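Participant: no sequence on this one, just coordinates:
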């Protein structure tokens, strides 16, 4: 199979990842639930992962909170910062992992910046919206549909200046773009473990500047006589048994990223993107959604073809892509593709130019102009 | 003998402290906090040898690893708080 669906989950993982999962399953029990060897092995494993994440994302180990995925992390962040009816500014490219929690909170949501690949327009729109002193700003780093890299450092600076809580969704950037909790001054940064960090599904990270409001309540292995959740991180945000096996795999995924370097992985994905763009642009019946400041994600449509059927035809030939709205109707609304959706290619460190070439040849055969 | 106990609020804090001691070359053992030393319930402690208390305190302070309290187990088996 040629796998071009890494914006959903990286399917090919470094071999050390499944090995670590298996090893943890054989050696680790629960973190903070005992002083025996298996409990302490779990504690060491989870701490190692906190240390690795704190190093990669410029945070303290205690500021690294483990979640099930980025959606879980974003929910924890949003429900920490916002109360029902709060006024929130979001970009025009947010995922449902952001917009649905805001909807549940009956938040007064203002969308800023709807033009694809137009950083200046995005910044102007955010400046206008932030001037109205919202209760928080939530912004994706990279659009999961179009790969548009939003100018989040500058948006974060605007928030810092006005002391507005900023939540960064790093779902598509963790592992390829620089992310610093300290430098952005973000209240929270949410990311999955199973995408650009090459960890197992069921892992995610929430970087917390300060202790938030718990999304779940329960055992933490600390302050057990107190019925209130501990006030300190990470315990406050981590009720219940950790996904120790997944976290063990995530260490190896992050080790892979650190060894390859995020910069090199990003460069590799951009080269594949450029190659795919060149190849697909030869097809006159293909519309590409592309521009300056694009990560390794490429949306396209084939004239007269249903996106789902295009993806299905490719799947039958062994090529994995994603079609439809990609859980991001807001982004499709911004780009004018809400009615049709798009077909999305998204690359990882394991893809090759040869795979892109095979994909392009197949497109020419399956969807002739 | 490992008779000095540094108490911590969480296993994360204790593990971080144990790494700091390891880096400083101070041997230590991470254990569950004995019942009599608990503040609000379960927690973790680090035990260090009698002759390494000063080195351990210095290493933890240098690493910015906050412990809660330090206790010494007396020969009679009782606990005595030691100035932090």
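Facilitator: Looks like it arrived, so ask away. Predicted model only: the values in this text are computed from it and were never measured.
Participant: going forward, measure contacts and count neighbours with C-alpha atoms only.
Facilitator: OK.
Participant: centre of the chain versus stretch A:211-229, how much separation?
Facilitator: Computed by Cα atoms, centre = their mean, to the nearest Å, the chain-centroid distance of stretch A:211-229 equals 27 Å.
Participant: hmm, who's touching it?
Facilitator: Outside stretch A:211-229, the residues that touch it by Cα atoms under 8 Å, 6 or more residues apart in numbering or on different chains are A:31-33, A:75-77, A:79-81, A:230-241, B:9-11, B:39-43.
Participant: Narrow those to just the buried residues.
Facilitator: A:31-33, A:75-77, A:79-81, A:230, A:233-239, B:9-11, B:39, B:41-43 (16 or more other Cα atoms under 10 Å in any protein chain shown).
Participant: returning to what we had before: among the contacts of stretch A:211-229, name the ones in helices.
Facilitator: A:75-77, A:79-81, B:11 (DSSP state H).
Participant: Any stretches of chain B with poor pLDDT?
Facilitator: Low-confidence segments of chain B, defined by pLDDT under 70: B:1-2.
Participant: Residues of it that sit close to chain A?
Facilitator: With Cα under 8 Å from any Cα of the partner chain as the criterion, chain B meets chain A at residues B:9-13, B:15-16, B:30-32, B:39-43.
Participant: for the stretch 201-350 of chain A, what spans make up the strands?
Facilitator: All strands of the stretch 201-350 of chain A, identified by DSSP state E, counting those that start in this stretch, fall at A:204-208, A:286-289, A:297-302, A:319-320, A:322-324, A:342-346.
Participant: Reformat these as TSV; add mean neighbour count and mean pLDDT.
Facilitator: TSV is the format used below for the strands of the stretch 201-350 of chain A (neighbours: other Cα atoms under 10 Å in any protein chain shown; pLDDT from 0 to 100):
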stretch	mean neighbour count	mean pLDDT
strand A:204-208	28	98
strand A:286-289	18	98
strand A:297-302	23	98
strand A:319-320	21	98
strand A:322-324	24	96
strand A:342-346	27	98
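Participant: Can you show me the strands along chain B?
Facilitator: For chain B, the strands defined by DSSP state E occupy B:4-8, B:28-32, B:44-48, B:70-73, B:79-82.
Participant: which stretch among the ones you listed comes nearest residue A:134?
Facilitator: strand B:4-8 (38.6 Å; Cα to Cα).
Participant: Contacts only, for residue A:310.
Facilitator: Here residue A:310 is in contact with A:302, A:343 (Cα under 8 Å, 6+ apart).
Participant: how about 10 Å then?
Facilitator: With contact set as Cα atoms under 10 Å, 6 or more residues apart in numbering or on different chains, residue A:310 has these partners: A:301-302, A:321-323, A:342-343, A:363, A:366-367.
Participant: with those in mind, which one is nearest to chain B?
Facilitator: Distance to chain B, by Cα to the nearest Cα, is smallest for residue A:322 among these, at 39.0 Å.
Participant: What's opposite the closest residue to the closest one other than its chain neighbours in the beta bridge?
Facilitator: Nearest residue to residue A:322, sequence neighbours excluded (Cα to Cα, 6 or more residues apart in numbering or on different chains): residue A:344, at 5.2 Å. Judged by DSSP bridges, the bridge partners of residue A:344 are residue A:299, residue A:322.
Participant: Touching, residue A:344 and residue A:298? I think so.
Facilitator: Yes. Between residue A:344 and residue A:298 there is a contact under Cα atoms under 10 Å: 5.6 Å.
Participant: Give me the common contacts of these two.
Facilitator: What both residue A:344 and residue A:298 touch, as defined by Cα under 10 Å, 6+ apart, is the set A:4, A:144-147, A:289.
Participant: could I get the strands of chain B as CSV with mean neighbour count?
Facilitator: Formatted as CSV, the strands of chain B follow (neighbours: other Cα atoms under 10 Å in any protein chain shown):
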stretch, mean neighbour count
strand B:4-8, 27
strand B:28-32, 18
strand B:44-48, 26
strand B:70-73, 19
strand B:79-82, 14
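Participant: could I get those strands as CSV with distance to residue A:221?
Facilitator: Formatted as CSV, those follow (distance: least, Cα to Cα, whole Å):
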stretch, distance to residue A:221
strand B:4-8, 12
strand B:28-32, 10
strand B:44-48, 9
strand B:70-73, 20
strand B:79-82, 23
